[in-house]
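S.K.: Any chance you can model this:
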Amino acid sequence: MSDAANSNEPRGEEKGPTKAAVILPYERAGRSDGAGTRAAEARLAEAVGLTASIGLTVVHSAIHPLRTMRPSTLLGEGQVAMVKEAVERHGVTVVVVDAALSPVQQRNLERAWDCKVIDRTGLILEIFGERAATKEGTLQVELAHLEYQRTRLVRSWTHLERQRGGFGFLGGPGESQIEIDRRLIGERIVKLKKELEQVRRTRGLHRKARERVPYPVVALVGYTNAGKSTLFNALTGAGVYAQDQLFATLDPTMRAIRLPSGRTVILSDTVGFISDLPTQLVEAFRATLEEVAAADIILHVRDAAHPDSAAQRADVLEVLTEMAEGADAALDADWPSRVVEVLNKADLMGGVDAVPHVPGAIAVSALTGDGLDELRAALDERLAAGMETAEFRLAPSDGAGIAWLYEHGEVIAREDAEEAIRLTVRLSPANRARFEQRSAS
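M.R.: Just a heads-up that it's a prediction; the model follows:
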């Protein structure tokens, strides 16, 4: 069947996969020297991956350099016409514009192209809406969605009245979106914020409980699809969902692991970051990101094989920096001293020895296990650096105290005698104070 015949089919009926076009409006700082083109192509590839990750079939993608940004449509008239022609030729029902669109721009482009248009924020929110598995994740996504939707209560999508999953970005407003108004959205936002505040309080109680039986916390952070969940599974033996797709994991997962020294630590897998992360999501996922704030070590997992690995690193550090700013900062100013970089996916580069050396970083392959022993040893070394060495003299009958020291510290020397057992133990300052308080009572 010809393209012309395809364009005459009613797009309101689903007769197969939903066809999408991905458009990247690219603002060049100056004349292209080749490097800018590669950066644009990498950004477009990421947008295509994001779009495909929610089941859309991308049939057209293009980069549109911007000379000036038009307030009404962002793109120029000729570019709008070019996209219109591609939409009709390929039978596209959804156009993803990899940029932040104002409500007016979104509405005007939908009228010009006669199909649904979503911007980068809307696309990421749609992905999060599909992936959130826990009550906490669902609350966070709904809050972010409503904050975004509050400015976009337009009633121009009359040609797309069907309902679909997620939060309705792809299927038009549906009945619920048309009937909702700003007052109801505002009331729901207030309710969600209260529920998320309860989530934060609950997480705080959980952290205090962990402090009573304190194990160091190691949090995995990194760009989406850097391999955090695969590394988490490799280190813990857990079965956390891990796929070669963007935002495969949204909800935090925690497991205890034992390091070569015998020390137990808690490993926490967190949501992946991405460039131009919507501000609504940074705020909504604050409860999740607070796990990073409580971590003794922050493992920054990077995709060493990705051509934009350095840019992805900068994006992650930017989000962490934002978390450390403001009166209600979630991170303390000293967070960079707790970061250990992990250069993952070494198997795609020929092994850990083929990964370019980065001072202080550890090359690994979470898929093959190469380099994981070095990573465990590095965690041990980093944790030991913050510990204190103390000597304790315990009665042989104090089995509970001896067991506690073995459980919470690293016993580096032991001398048994009839009257007492002398232990030289490496402990965290908090654990040392806790044990000394126990002994004094």
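S.K.: how about the nearest residue to the residue nearest the centre of the chain, chain neighbours excluded?
M.R.: In the chain, the residue lying closest to the centroid (Cα atoms, centre = their mean) is residue 272, at 1.7 Å. Nearest residue to residue 272, sequence neighbours excluded (Cβ to Cβ, 6 or more residues apart in numbering): residue 224, at 3.1 Å. All C-beta atoms are positioned from the backbone trio N, CA, C, and that covers glycine.
S.K.: hmm, back to that, can you verify my assumption that the residue nearest to the centre of the chain contacts residue 223?
M.R.: Yes. If you go by Cβ atoms under 8 Å, residue 272 and residue 223 touch, sitting 6.2 Å apart.
S.K.: Touching both of these two, which residues are there?
M.R.: Here residue 272 and residue 223 have no joint contacts, going by Cβ atoms under 8 Å, 6 or more residues apart in numbering.
S.K.: Dihedrals phi and psi, residue 301?
M.R.: Dihedral pair for residue 301: phi -90, psi 120, per degrees, to the nearest 10.
S.K.: what's around it, how many residues?
M.R.: The number of residues packed near residue 301 is 27, by other Cβ atoms under 10 Å.
S.K.: any idea how far residue 85 is from residue 113?
M.R.: Distance, residue 85 to residue 113, using Cβ to Cβ, to the nearest Å: 10 Å.
S.K.: Repeat that for residue 220.
M.R.: 40 Å.
S.K.: Please give the element, helix or strand, for residue 58.
M.R.: Residue 58 belongs to strand 57-66 when assigned by DSSP states H and E.
S.K.: export the helix or strand that that strand is followed by as PDB, just CAs?
M.R.: Counting by DSSP H and E, the next helix or strand C-terminal to strand 57-66 is helix 77-90. Presented in PDB, the C-alpha positions along helix 77-90 are these (Å, rounded to 0.1, in the frame of the first residue of the first chain):
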ATOM      1  CA  GLU A  77       7.200  27.500   9.000                       C
ATOM      2  CA  GLY A  78       9.200  25.400   6.600                       C
ATOM      3  CA  GLN A  79      10.200  22.900   9.300                       C
ATOM      4  CA  VAL A  80       6.600  22.600  10.400                       C
ATOM      5  CA  ALA A  81       5.600  21.900   6.900                       C
ATOM      6  CA  MET A  82       8.300  19.200   6.500                       C
ATOM      7  CA  VAL A  83       7.100  17.400   9.600                       C
ATOM      8  CA  LYS A  84       3.500  17.700   8.500                       C
ATOM      9  CA  GLU A  85       4.500  15.900   5.200                       C
ATOM     10  CA  ALA A  86       6.300  13.200   7.100                       C
ATOM     11  CA  VAL A  87       3.400  12.700   9.500                       C
ATOM     12  CA  GLU A  88       1.000  12.200   6.600                       C
ATOM     13  CA  ARG A  89       3.400  10.000   4.600                       C
ATOM     14  CA  HIS A  90       4.100   7.600   7.500                       C
END
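S.K.: pLDDT of helix 77-90, averaged?
M.R.: Mean pLDDT, computed over helix 77-90, is 95.
S.K.: Kindly report the same for stretch 389-405.
M.R.: 90.
S.K.: can you pull the buried residues of it?
M.R.: 390, 392, 394, 401-402, 404-405 (16 or more other Cβ atoms under 10 Å).
S.K.: Narrow these to those in helices?
M.R.: 401-402, 404-405 (DSSP state H).
S.K.: now those as JSON lines including distance to residue 215?
M.R.: Below are these laid out as JSON lines (distance: Cβ to Cβ, whole Å):
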{"residue": "401", "distance to residue 215": "19"}
{"residue": "402", "distance to residue 215": "19"}
{"residue": "404", "distance to residue 215": "13"}
{"residue": "405", "distance to residue 215": "15"}
